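**Student:** sequence unknown, structure follows:
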């Protein structure tokens, strides 16, 4: 089956720093989602990005489907950015398969 | 706009007791519905999905079952909980090939 790996697994940033999170997937996909899981466990949709680049405030994402990876950029990080970031891709039968996650801690 | 409701938010149940978690979606028709479990703070595992009323597909053999009695209602159940059923359960909805949205989750502790 498809493999989805994220890097780094853990990241600690000083508030105000920038970061790049990576998602590699083993098979071709027709869409990809990025989520932020906050400390209360809620999964918040960040981007639905099959290809190309999208931006939303301090966050942006780029998916290069032909090379099977996606990047999530966080600029000017804030403590509220802390949590776990997941990418997820669809598999054949209605399954949204999640990556391993990146745990981000932003310290003031 | 579409919204998804999941309850309860937290639940502590003794081993051997039954379980019923409910999820409802508003603002859409005939959605795909999903139950996921997160056991260790990262990594979501698909348990069940449904493409329509009464249609349930199981991804992982386990002590749980799911039902979809109405178009926008998805229920996760167990007749007798095990310690290993503890975890964070998330309901989600989405259209085929489109963006998925998650409920707020239920944190289940089996004692």
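**Tutor:** Received it, and whenever you're ready, just let me know what you need. In this text the structure is predicted, and so the values were computed from the model without any measurement.
**Student:** what pairs with the helix or strand bottoming out on mean pLDDT in chain A, parallel or antiparallel?
**Tutor:** In chain A, no helix or strand scores lower on mean pLDDT, DSSP states H and E than strand A:96-98, which sits at a mean of 88. Paired neighbours of strand A:96-98 in the sheet (DSSP bridges): strand A:83-90 (antiparallel).
**Student:** roughly how far apart are residue B:16 and chain A?
**Tutor:** Residue B:16 sits 26 Å away from chain A, going by CB to the nearest CB, to the nearest Å. No exception for glycine: its C-beta is placed from N, CA and C like everyone else's.
**Student:** leaving aside the residues next to it on the chain, what's closest to that residue?
**Tutor:** Using CB to CB, 6 or more residues apart in numbering or on different chains and skipping the chain neighbours, the partner closest in space to residue B:16 is residue B:80 (5.0 Å).
**Student:** get me the contact residues on chain B for chain A.
**Tutor:** Taking CB under 8 Å from any CB of the partner chain as the measure of proximity, chain B contacts chain A at B:32, B:34, B:38, B:41-44, B:46, B:49, B:51, B:57, B:59, B:88, B:90, B:92, B:94, B:96-102, B:104-105, B:107.
**Student:** go again with 10 Å.
**Tutor:** B:9, B:32-34, B:36, B:38, B:41-46, B:49-51, B:57, B:59, B:88, B:90, B:92, B:94, B:96-107 (CB under 10 Å from any CB of the partner chain).
**Student:** give me the buried entries from those residues.
**Tutor:** B:32-34, B:36, B:38, B:42, B:44, B:46, B:49-50, B:59, B:88, B:90, B:92, B:94, B:100-103, B:105-107 (16 or more other CB atoms under 10 Å in any protein chain shown).
**Student:** who's in contact with residue 26?
**Tutor:** By default, I'm working from chain A. Each residue near residue A:26 by CB atoms under 10 Å, 6 or more residues apart in numbering or on different chains is listed here: A:1-5, A:68, A:89.
**Student:** I was after chain B.
**Tutor:** B:1-5, B:72, B:93.
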